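1. Fold the stuff below for me.
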Amino acid sequence: MVEKRLHAGHPMGAVVHRADCTVIQRDVNPIGVGDARQALTGDGKFFHACELCCPEAHLGIPE
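-> Numbers count the residues shown, from 1 in each chain. Sure, this is the predicted structure:
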């Protein structure tokens, strides 16, 4: 799941969550596994992983 960022200029970008995450606060859109991996390994200006549900660990992305 991708949670929209706070506003267009927010430095953290959108948040990638696992589907069962309990801290989602804003609107979310579904995202596929491949797209989630690409988002989390790309430029951190656009996407970052939720610190609670840690989707990168479940996707096999090393820290």
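2. what's the pLDDT at the residue with the largest distance to the centre of the chain?
-> Residue farthest from the centre of the chain, counting by C-alpha atoms, centre = their mean, is Gly9 at 17.0 Å. At Gly9, the model reports a pLDDT of 76.
3. Tell me where the longest helix sits in this structure.
-> helix 33-41 (DSSP state H).
4. Go through that helix and flag the buried ones.
-> The neighbour-count check on helix 33-41 (16 or more other C-beta atoms under 10 Å) flags Ala36, Arg37, Ala39, Leu40 as buried. No exception for glycine: its C-beta is placed from N, CA and C like everyone else's.
5. and if you look at stretch 39-59?
-> By neighbour count with 16+ other C-beta under 10 Å, stretch 39-59 contains the buried residues Ala39, Leu40, Phe47, His48, Ala49, Cys50, Cys53, Pro55, Glu56, Leu59.
6. Check the spacing between the residue most central in space within the chain and Gly44 real quick.
-> Closest residue to the average C-alpha location of the chain: Val16 at 1.2 Å, with C-alpha atoms, centre = their mean. Relative to Gly44, Val16 is positioned 11 Å away (C-beta to C-beta, to the nearest Å).
7. Now do the contacts for Cys50.
-> Neighbouring residues of Cys50 by C-beta atoms under 8 Å, 6 or more residues apart in numbering: Glu3, Val15, Val16, His17, Arg18, Cys21, Val23.
8. Relative to Ile31, which of those residues is nearest.
-> Val16 (6.9 Å; C-beta to C-beta).
9. For the closest one, give the beta-bridge partners.
-> Val2, Ala49 (DSSP bridges).
10. That one against Leu52, yeah?
-> No: Val16 lies out of contact with Leu52 (C-beta atoms under 8 Å); the separation is 11.9 Å.
11. Pull stretch 34-43 out as PDB, backbone CA atoms only.
-> The C-alpha trace of stretch 34-43 is given here as PDB (Å, rounded to 0.1, in the frame of the first residue of the first chain):
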ATOM      1  CA  GLY A  34       7.500  -5.300  -8.000                       C
ATOM      2  CA  ASP A  35       6.400  -1.600  -7.900                       C
ATOM      3  CA  ALA A  36       6.900  -1.600  -4.100                       C
ATOM      4  CA  ARG A  37      10.500  -2.900  -4.500                       C
ATOM      5  CA  GLN A  38      11.300  -0.400  -7.100                       C
ATOM      6  CA  ALA A  39       9.800   2.500  -5.000                       C
ATOM      7  CA  LEU A  40      11.800   1.500  -1.900                       C
ATOM      8  CA  THR A  41      15.100   1.000  -3.800                       C
ATOM      9  CA  GLY A  42      14.800   4.200  -5.800                       C
ATOM     10  CA  ASP A  43      15.200   7.800  -4.800                       C
END
